[in-house]
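K.L.:
next one to model:
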Amino acid sequence: MTPAEISRLLSAVTLRGANEADIQHAIARALSDAGLAANREVDIGAAWRIDFEIPAVRLGVEVKVKGSTKEVTEQISRYAETGRYDAVLLVTTLRRHRMPATLCGVPILVCHLWGAVL
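P.N.:
Just a heads-up that it's a prediction; the model follows:
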């Protein structure tokens, strides 16, 4: 499965939750149901921790339900510059979270979960 297919998978799943932790749990279940092995809360250096890492496709996944676009872009950029990922996927509930197509030469995908937070 490609990073774009994983993004579509997550956007098609009902990921309802009251907070980021609930959404992360639903994402973990969706990935598992799709047969994708994912590591959670992966330390990637300098006190940085990404929410999910899918080693089979070298994809990092970060979930956000708050934060400014500037803050989120800086965080995603830090993940991209590690060299660990061939792509980074931002899963967010906020319309304002828009990302450039690439950061540090790494493709960035955005999956908006409209109405995911109750």
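
K.L.:
buried set for the helix ranked longest in the chain?
P.N.:
Identified as the longest helix of the chain according to DSSP state H is helix 20-33. Buried positions in helix 20-33, judged by neighbour count with 16 or more other Cβ atoms under 10 Å: 20, 22, 23, 24, 26, 27, 30, 31. Backbone N, C-alpha and C define where each C-beta goes, glycine included.

K.L.:
low-confidence ranges, this protein, go.
P.N.:
Residues of the chain that meet the criterion pLDDT under 70 lie in 15-18, 114-118.

K.L.:
could you dump the next helix or strand after the longest helix of the chain to PDB, C-alpha only?
P.N.:
Scanning the chain past helix 20-33 towards its C-terminal end, the next helix or strand to appear is strand 39-45 (assignment: DSSP states H and E). Backbone C-alpha positions of strand 39-45 (Å, rounded to 0.1, in the frame of the first residue of the first chain) are rendered in PDB as follows:
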ATOM      1  CA  ASN A  39       4.800   1.400  15.400                       C
ATOM      2  CA  ARG A  40       3.300   3.900  17.800                       C
ATOM      3  CA  GLU A  41       4.900   6.900  19.600                       C
ATOM      4  CA  VAL A  42       8.300   6.400  17.900                       C
ATOM      5  CA  ASP A  43      11.300   8.400  19.300                       C
ATOM      6  CA  ILE A  44      13.100   9.900  16.400                       C
ATOM      7  CA  GLY A  45      15.700  11.900  18.200                       C
END
